[in-house]
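Colleague: prediction below, plus the sequence it came from.
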Amino acid sequence: MPHKPLLATVLGQRQERPPLWIMRQAGRYLPEYRETRKSAGNFLELCYTPDLAVEVTLQPLRRFDLDAAILFSDILVIPDALGQSVRFETGEGPVLEALDEKGIDRLDRSGALSHLEPVLETVRRLRASLPPEKTLIGFCGAPWTVATYMLGGRGSPDQAIARRFALQHPAAFERLIDILVETSVDYLAAQLAAGADVVQIFESWALNLDDAAFARQVLEPNRRIVEGLRHRVPGAPVIGFPRGAAGNLRRFAEDTGINALGVDYATPLEFIRTQLPPDLPVQGNLDPLRLVVGGEAMESQVRAILEAWSDRPHIFNLGHGIVPETPIAHVERLIELVKGR
Ligand code: CP3
């Protein structure tokens with residue numbers, strides 16, 4: 001086995017310098033991404049065309065000394081594969097045909113993996129072309145996060161439509177979560193079989209939930225995916241990312257069975273240092289806006305993060321996705337800082 005510093009860190013081995021990748025590292029802040037995106041026409045075409053998806057996955061690694069590639073796709077290919085209509089409108093984000101109870105009953109899991117075959121082909125090609133020391137990260141959205149888009153039809157600041165649906169239609173909601181858990185296990189197992197080294201489960205909307213809702217909508221589905229996946233792929237390395245989990249972070253780390261915990265930028269460094277097991281690998285957590293502004297606003301916090309988590313396994317990352325207005329020179333400087341140059 002070639003040494004992969006990022007995979008090793010997920011598995012609990014602290015490295016001399018933390019390995020790094022950048023959440024949403026392939027994207028609109030890169031001119032070469034915008035070029036490829038234009039030639040693809042629509043966004044889902046880009047996700048389902050292996051030649052193009054491989055190209056945009058590798059673009060950030062050509063420019064920057066990153067330790068991982070993340071498969072280029074989206075968390076919303078799952079609703080698309082289940083037969084729900086999904087579109088990406090420029091400047092508006094994703095738009096789905098919002099589901100009601102009957103719509104949940106019409107979702108069809110039987111063709112999902114064959115629909116996602118082009119994404120799996122992208123993983124195989126990436127595996128074949130990446131240098132052996134680079135970690136290949138596969139991913140899916142966590143069921144609750146994906147459900148917020150499926151039920152709400154689009155992103156929203158408070159996920160009110162999905163939160164209300166979960167309370168008013170508990171049986172239909174559980175059917176939806178079950179479908180998403182089972183499809184996600186199939187999909188992640190297939191990504192690992194195709195050559196991904198580790199998978200990340202994006203729970204981007206782990207916020208705005210009371211105790212019981214957090215347990216039911218976030219903890220339990222993440223736990224079931226990890227368990228189901230390990231049943232298929234013993235020892236499967238998993239990064240969890242419950243964005244906004246705040247006071248629930250520790251519960252998440254303890255109850256889901258993940259190997260490494262992604263933390264958002266609002267999580268205090270000190271909380272991680274003192275309240276989470278010292279051997280738990282942690283990933284994060286620079287505010288993406290510090291990367292936009294650069295200079296001392298960025299550098300001081302990068303140093304604080306490196307210092308606070310220096311004695312545990314740590315993967316350096318942003319605390320949420322890189323934004324389109326990020327200057328490329330700031331990304332270069334960030335990597336110099338983390339790599340100690
Ligand atoms: O390098 C990478 O990380 C690329 C792969 C990737 C994308 N989306 C590509 C993408 C990954 C890992 C995602 C995850 C994703 N998608 C999440 C979880 C992470 C997070 O940010 O919280 C979520 C919630 C989505 C759903 C989604 N997709 C939204 C809300 C949007 C619109 C907002 C935006 O950033 O544009 C997308 C579109 C999307 N997904 C783009 C990219 C590069 C931009 C679309 C474009 O090029 O026009």
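Modeller: Good, I have the coordinates. Not measured: the values here are computed from a predicted model. Numbering: from 1, shown residues only.
Colleague: do the helix or strand harbouring A171 and the ligand meet at all?
Modeller: Taking DSSP states H and E as the criterion, A171 maps to helix 170-194. No. Under the criterion of Cβ under 6 Å from any ligand atom, helix 170-194 makes no contact with the ligand; the nearest approach is 12.2 Å. All C-beta spots, glycine's among them, are computed from the backbone N, C-alpha and C.
Colleague: check the nearest residue to A172 once chain neighbours are set aside and give its pLDDT.
Modeller: Distances taken as Cβ to Cβ, 6 or more residues apart in numbering place E101 nearest to A172, at 4.3 Å, with adjacent residues excluded. On the pLDDT scale, E101 is placed at 97.
Colleague: and E101, how many residues sit next to it?
Modeller: E101 has 14 neighbours, counted by other Cβ atoms under 10 Å.
Colleague: next one: F88
Modeller: 15.
Colleague: is it true that the residue nearest to A172 touches Q168?
Modeller: No. E101 is beyond contact range of Q168, at 9.8 Å (criterion: Cβ atoms under 8 Å).
Colleague: now V119: which helix or strand?
Modeller: Here V119 is assigned to helix 117-129, by DSSP H and E.
Colleague: give me the distance between that helix and the centre of its chain.
Modeller: 18 Å (Cα atoms, centre = their mean, to the nearest Å).
Colleague: quick one: list the elements packing against it.
Modeller: Contacts defined by 3 or more Cβ pairs under 8 Å, 6 or more residues apart in numbering; DSSP states H and E place helix 117-129 against helix 50-63, strand 135-141, helix 170-194.
Colleague: nearest to L7, of the ones you listed?
Modeller: In terms of Cβ to Cβ, the element of these nearest to L7 is strand 135-141, at 4.5 Å.
Colleague: neighbouring contacts of the closest one?
Modeller: Strand 135-141 has contacts (Cβ atoms under 8 Å, 6 or more residues apart in numbering) with 4-7, 10, 19, 21, 67-71, 73, 75-76, 78, 123, 126-127, 130, 146, 184, 187-188, 191-192, 194-204, 239.
Colleague: K4: how many residues sit nearby?
Modeller: 21.
Colleague: from the ligand, how far out is it?
Modeller: 18 Å (Cβ to the nearest ligand atom, to the nearest Å).
Colleague: please apply the same query to D105.
Modeller: On the measure of Cβ to the nearest ligand atom, D105 and the ligand end up 25 Å apart.
Colleague: that residue in helix, strand or coil?
Modeller: helix (DSSP: H, G, I helix; E, B strand; the rest coil).
Colleague: measure the nearest residue to it once chain neighbours are set aside to I104 for me?
Modeller: Spatial nearest neighbour of D105, chain neighbours left out: R175 (7.5 Å); criterion: Cβ to Cβ, 6+ apart. According to Cβ to Cβ, to the nearest Å, R175 stands 6 Å off from I104.
Colleague: and the spatially most central residue of the chain, bridged to which residues?
Modeller: The centroid of the chain falls nearest to F202 when counting by Cα atoms, centre = their mean (3.8 Å). Beta-bridge partners recorded for F202 (DSSP bridges): G141, F241.
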